[in-house]
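model the structure of this input:
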Amino acid sequence: MPGAAKIVQKEAYHAKVCSLLEKYDRAFICHADNVGSMQFQNIRKGLRPDSVILMGKNTMMKRSIRLWSETSGSDKWTCLLEQLVGNVGVVFTTADLNDVKAEINKYKVGAPARVGLTAPNDVKIPAGPTGMDPSQTSFFQALGIATKINKGTIEIVSEVHLIKPGDKVGASQATLLSKLGIKPFKYGLALLKVIENGAIYDTAVLDITDEDMLGAVAAGIANVAALSLAINYPTLASIPHSVINGYKNVLAVALATEYSFPAADKVKAILADPSAFAAAAAPAAAAAAEAPAAAKKEEVKEESEEDMGFSLFD
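Next up is the predicted model:
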């Protein structure tokens, strides 16, 4: 039987979880491996007062979510149950999701490579001097890194891709990185998923901008128009192109036959006398070129009048 103190703690935790589920509609699911206590405190402080981090045993969180869903009749947080696996927590928030993500990422700190650790990112050693004396070439030889001795120190000949994401850090790799003073990994709260009003999606969605959306819509419209034109099936996207293509075909027929219409008459006149078209286009081009020049001249005139030096207080 659990002690009275533990029962009180569990009930207090359950009440806290229920109050958060009731108050908030949005949250991040985060992974908290390799996050230090001081680092965690700083993250909590940085997120206040608009966000709260909930950590605890997954079984207790699941129990509280189930009980709250049953008593409230709401299922907006039931999708959270499947995500509570491993060392995870929940960041409840009322702030803008992108702002919360940026704030959390501010607290990532560098960490040395430890033996047996799974690399979360690429580790590359740049070419150049290492500052290490020639007696330590064995570390580089064990890893197959080409080096040379220059001015009494070891120099790496070319950039080395030492560790790839998902690889286990070996003893020689960890020792070499330590000697070079390189902290290749950054750790902090890793945001995994977003829950918003019962929907769950990947955090990568937050990186999509308005320009990305407009580009995707434009590409979709272009694809629909191309397909519609290819199969001769009219759609709103293809109608403007169909009208233009039809006009071109009619114009081509008019030019090849005696049949004509007002728009075709203009084209026929231009083809019959290209010099007349060139003469008509020349004044328009000259007028367009003169407009910026006149505006620039007016600006220069105004500046000269302002710089006359007649101050009210002279």
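
every contact and neighbour count from this point should use C-alpha atoms.
Fine.

where does residue 49 land in three-state SS?
Secondary structure state of residue 49, per DSSP: H, G, I helix; E, B strand; the rest coil, is coil.

make residue 1 into 35 and carry on from there
Understood, numbering begins at 35; the last thing we discussed is residue 83.

please report how far it lies from residue 268.
With the distance defined as CA to CA, to the nearest Å, residue 83 ends up 55 Å from residue 268.

average pLDDT for stretch 212-223?
What stretch 212-223 shows for mean pLDDT is 85.

out of residue 83 and residue 268, which sits in the busier spot?
Remark: of residue 83 and residue 268, residue 268 carries more neighbours, 15 against 11, as counted by other CA atoms under 10 Å.

residues contacting the more buried one?
262, 276 (CA atoms under 8 Å, 6 or more residues apart in numbering).

next one: it from residue 274, what distance?
Applying CA to CA to residue 268 and residue 274 gives a distance of 10 Å.

try residue 182
Relative to residue 274, residue 182 is positioned 67 Å away (criterion: CA to CA).

let me see the ranges of the strands in the stretch 185-334 of the chain.
Per DSSP state E, counting those that start in this stretch, the stretch 185-334 of the chain carries strands over the ranges 187-190, 194-197, 219-221, 224-230, 233-236.

now for the shortest one, which elements pack on it?
So the one you mean is strand 219-221. Here strand 219-221 touches strand 143-145, going by 3 or more CA pairs under 8 Å, 6 or more residues apart in numbering; DSSP states H and E.

re the thing from before, now render the strands of the stretch 185-334 of the chain as a markdown table, adding distance to residue 150.
A markdown table is the format used below for the strands of the stretch 185-334 of the chain (distance: least, CA to CA, whole Å):
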| stretch | distance to residue 150 |
| --- | --- |
| strand 187-190 | 25 |
| strand 194-197 | 12 |
| strand 219-221 | 14 |
| strand 224-230 | 20 |
| strand 233-236 | 29 |
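
let me know whether residue 192 touches residue 160 as I believe.
Yes - the pair residue 192 and residue 160 passes the contact test of CA atoms under 8 Å, sitting 7.0 Å apart.

possible to save the strands of the stretch 185-334 of the chain as CSV with mean neighbour count?
CSV is the format used below for the strands of the stretch 185-334 of the chain (neighbours: other CA atoms under 10 Å):
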stretch, mean neighbour count
strand 187-190, 20
strand 194-197, 16
strand 219-221, 17
strand 224-230, 19
strand 233-236, 14
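
and those strands: which comes nearest residue 294?
With CA to CA as the measure, strand 233-236 is the member of the strands of the stretch 185-334 of the chain nearest residue 294 (60.2 Å).
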